[in-house]
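Engineer: Fold the following.
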Amino acid sequence: MVDPVDAIGKARAAVTERVELPGMSLMEHLEELRKRIIHSAIYLALGFFTAFYFHEQLFSIVQIPLDRLHLPVTNKLNYMHPMDPMNYYMYVSFVGGAILASPFVLYQVWLFIAPGLYQKEKRFVVPFMAATVGLFLAGASFGYFFVLPGALKVLIVGFGSRFNPVITVEDYTSFFLSVILGLGISFELPILIFFLAMFGIVSPKFLWKNIRYAILLIFIVAAVITPSPDPWTMCIYALPMLALYMIGIAVAWWVHPDRRRKKENAAAAA
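Structural biologist: A predicted model of the protein is given here:
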């Protein structure tokens, strides 16, 4: 027999979860946004100055994939303008500082959207922070240790074997960051699906129904970033992204409002 007191308590809890969240005026939203932007800018500035203090170490890290090619000519980067070396250190320090400050900036993003979430949804802050930073580092590491060395070897040692490479600071930095940041951002796919599903924009059914188009898009992206023209290498790059899409479907099922409402209704009826 169901305890009436317990049933009333569960019903009250379910109703409480469905109570509308307190609204904020436009000016309050703008003030909150300004506050979060200022805090994020401070964290980015601190990250930049910290990274610039170690700019020589950052240069060595960026240079390692090129040094390992053991080119017949010098591995030193060339520059065409007197400002290029300083711009290189500034640019690398900014990116390194942004990565260093990313957990604090992401926390500001979470604080901005948290007032629009239910109490149960706010508990996702720790998984959100850990997953966002972890996935970005996983994608950047995949690019640094596998994609970038493979691309340099194929493009410079393979296709460029009959030519004398003159690699400039600007070109190498652009290529390096496009691979590292591109893969780091692409590995954030489950986080994107997390927010789209939590706000009811996409559903697990929709993601599964359109998986064929997702696979096509993933292989197109893999073909663009793959340094080697053979299909096996392209598959190696596409498989992690496909696995992340499947993880995203599971995440969408976990946080979608329909599932949460069914769970609440079952708890209220128990």
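Engineer: Flag every buried residue along the helix or strand residue 37 falls within.
Structural biologist: In this structure, residue 37 sits in helix 26-53 according to DSSP states H and E. Neighbour-count burial for helix 26-53 flags 36, 40, 43-44, 47-48, 51-52 (criterion: 16 or more other C-beta atoms under 10 Å). For glycine as for every other residue, the C-beta is placed from the backbone atoms N, C-alpha and C.
Engineer: Residue 244 and residue 183, how far apart?
Structural biologist: Distance, residue 244 to residue 183, by C-beta to C-beta, to the nearest Å: 11 Å.
Engineer: So for the two, which residue has more residues nearby?
Structural biologist: Neighbour tally, residue 244 and residue 183, criterion other C-beta atoms under 10 Å: the higher count belongs to residue 183, 25 against 21.
Engineer: so the more buried one makes contact with residue 140?
Structural biologist: Yes. Residue 183 lies in contact with residue 140 (C-beta atoms under 8 Å); the separation is 6.4 Å.
Engineer: Let me know the secondary structure of residue 69.
Structural biologist: Judged by DSSP: H, G, I helix; E, B strand; the rest coil, the three-state class of residue 69 is coil.
Engineer: residue contacts, it?
Structural biologist: By C-beta atoms under 8 Å, 6 or more residues apart in numbering, the residues touching residue 69 are 75, 152-153, 156-157.
Engineer: out of the residues you listed, which one sits closest to residue 191?
Structural biologist: Checking the contacts of residue 69 against residue 191 with C-beta to C-beta, the nearest one is residue 152 at 29.3 Å.
Engineer: which SSE is that closest one in?
Structural biologist: Assigned by DSSP H and E, residue 152 belongs to helix 148-152.
Engineer: ok, then the element right after that helix?
Structural biologist: Using DSSP H and E, the helix or strand that follows helix 148-152 towards the C-terminus is helix 169-186.
Engineer: which residues are contacting that following helix?
Structural biologist: Helix 169-186 has contacts (C-beta under 8 Å, 6+ apart) with 62, 65-66, 77-80, 84-85, 87-88, 91-92, 95, 136-137, 139-140, 142-144, 147-148, 151, 221, 225, 241.
Engineer: Now list the buried members of those residues.
Structural biologist: The neighbour-count test (16+ other C-beta under 10 Å) marks 62, 65-66, 77, 84, 88, 92, 95, 136, 139-140, 142-144, 147-148, 151, 221, 225, 241 as buried among the contacts of helix 169-186.
Engineer: give me the element residue 245 is part of.
Structural biologist: If you go by DSSP H and E, residue 245 is part of helix 231-255.
Engineer: Give the buried residues for that helix.
Structural biologist: Residues of helix 231-255 classed as buried under the neighbour-count rule (16+ other C-beta under 10 Å) are 233-234, 237-238, 240-242, 244-245, 247-249, 251-253, 255.
Engineer: and that helix, what does it pack onto?
Structural biologist: Applying 3 or more C-beta pairs under 8 Å, 6 or more residues apart in numbering; DSSP states H and E, one finds that helix 231-255 contacts helix 189-198, helix 204-209, helix 211-225.
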